[in-house]
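Engineer: A structural model of the following input is requested.
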Amino acid sequence: MPRLIEVLNLSKTYPDGTQGLIDVDLAFGDGMLGLLGPNGAGKTTLLSILALAQEPSKGERVYFGIGDSPAHRSQIRRMIGYLPQEFEPVATLSGIEYLMMCAELRRVPLRRRDLERRAASLLDAVELTHAARRRADTYSGGMIRRLGLAQALIHAPKFLVVDEPTAGLDPEERIRFRNLITDLAEEIPVLLSTHIVEDIEATCPRLGVIARGRLLFDGEPSELMTWSRERLWRLPADRDVPEEALKIGQRVGEGGAVFNVLFREQQIAGAEHMTATLEEACAAFLIVEAGQTVTGDDTVDAEEV
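Structural biologist: Numbering: from 1, shown residues only. The predicted model follows:
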């Protein structure tokens, strides 16, 4: 795979001494790379540095063979589309007015009529044609995220960075947004950051796991599943958890029976092997490697254990 985007030995230390990133090396090319980790893991820091919204304390960024020297910044910014986690359009502008403003600020080299066509085409692609002339402050949360995706694409970038795109959306909007991102990844590289494992499972053939500012895993999701095999056990919730086992979470099984999901390299007395979900495999990996969990909720419902 060609290395289209690279970060080398990337670190970020904030003025108060907090280490946002520690020696991150990452390279990727076509398709979609999912970046997974708990809140505060360093995902947003890494994405904002990649989008040139922040500067690293040390390390290098390379985009399509171009280093991030000051002389190349304008050229690199034109290559990047960025949807930040906290995206808010100008409330008093309509959807199409906002896209036109973004295009002008980014100096898209098109005549106004062609810009209007491009903005209208993007609104159609994100299913906002019906709301193109409505003020942005009348948009729902899902509509705002889709408008955010359109603004990230208005200048025809070569690389898309998307931070927590489905957080707070209802299931229908999440699926719609995931489908849009998946289609885009067939044309340009996409880096998707989230703490929602389901989004990774549905869209990303490659997964990076980050915690406490360090990139702990980079590979196919199936590799994490293999890692967890024969290390995860189920034990009825009314049984005491042995001191030598790590509790990953719980499952609600058939008939409403509740089981603890436990991690241990060796057999746990009275427990049975179980096939993990990707969420459980990720949670186990993060607990073992970084002492953290994917989300604040340690209960995982399943049809059957």
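
Engineer: list the helices and strands whichever helix or strand Cys282 is part of packs on?
Structural biologist: Using DSSP states H and E, Cys282 falls within helix 278-290. With contacts defined as 3 or more C-beta pairs under 8 Å, 6 or more residues apart in numbering; DSSP states H and E, the packing partners of helix 278-290 are helix 197-203, strand 206-211, strand 214-219, helix 221-228, strand 232-236, strand 246-252, strand 258-263. For glycine as for every other residue, the C-beta is placed from the backbone atoms N, C-alpha and C.

Engineer: okay, buried residues for the longest one please.
Structural biologist: What it means is helix 221-228. 221, 224-225, 227-228 (16 or more other C-beta atoms under 10 Å).

Engineer: tabulate the residues you listed (CSV), appending distance to Gln19 and pLDDT.
Structural biologist: Formatted as CSV, the buried residues of helix 221-228 follow (distance: C-beta to C-beta, whole Å; pLDDT from 0 to 100):
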residue, distance to Gln19, pLDDT
Pro221, 27, 94
Leu224, 25, 93
Met225, 30, 93
Trp227, 26, 93
Ser228, 28, 92
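
Engineer: would TSV of these with distance to Asp16 be doable?
Structural biologist: TSV is the format used below for the buried residues of helix 221-228 (distance: C-beta to C-beta, whole Å):
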residue	distance to Asp16
Pro221	35
Leu224	33
Met225	38
Trp227	35
Ser228	36
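
Engineer: nearest to Val258 among these?
Structural biologist: Checking the buried residues of helix 221-228 against Val258 with C-beta to C-beta, the nearest one is Ser228 at 20.4 Å.

Engineer: can you pull the contacts of the nearest residue to Glu201 once chain neighbours are set aside?
Structural biologist: Leaving aside its sequence neighbours, Glu201 sits nearest to Leu278 (C-beta to C-beta, 6 or more residues apart in numbering; 4.9 Å). Leu278 is in contact with 197, 200-201, 221, 224-225, counting by C-beta atoms under 8 Å, 6 or more residues apart in numbering.

Engineer: kindly recompute the last result at 7 Å.
Structural biologist: 197, 201, 221, 224-225 (C-beta atoms under 7 Å, 6 or more residues apart in numbering).

Engineer: of those, which pair is most distant in space?
Structural biologist: Pairwise distances across those (C-beta to C-beta) peak at 11.9 Å, for the pair Val197 and Met225.

Engineer: next one: the residue nearest to Glu201 from Trp227, what distance?
Structural biologist: To Trp227, Leu278 is 11 Å away according to C-beta to C-beta, to the nearest Å.

Engineer: and the helices and strands packed on helix 278-290, which is most packed in?
Structural biologist: Among these, ranked by average contacts under mean count of other C-beta atoms under 10 Å, first place goes to strand 206-211 (a mean of 23).

Engineer: could the contacts of Leu278 go into JSON lines alongside distance to Met101?
Structural biologist: Output for those, formatted as JSON lines (distance: C-beta to C-beta, whole Å):
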{"residue": "Val197", "distance to Met101": "36"}
{"residue": "Glu201", "distance to Met101": "36"}
{"residue": "Pro221", "distance to Met101": "39"}
{"residue": "Leu224", "distance to Met101": "42"}
{"residue": "Met225", "distance to Met101": "45"}
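
Engineer: which one of those sits closest to Arg117?
Structural biologist: Glu201 (36.5 Å).

Engineer: before we move on, back to that, so what's in contact with Leu278 and Trp227 at the same time?
Structural biologist: If you check Leu278 and Trp227 against C-beta under 7 Å, 6+ apart, no residue is contacted by both.

Engineer: domain ranges for the protein?
Structural biologist: 5-219, 224-300 (automatic domain parsing).

Engineer: out of those domains, name the one with the poorest average pLDDT.
Structural biologist: Across those, domain 224-300 has the smallest mean pLDDT, namely a mean of 85.
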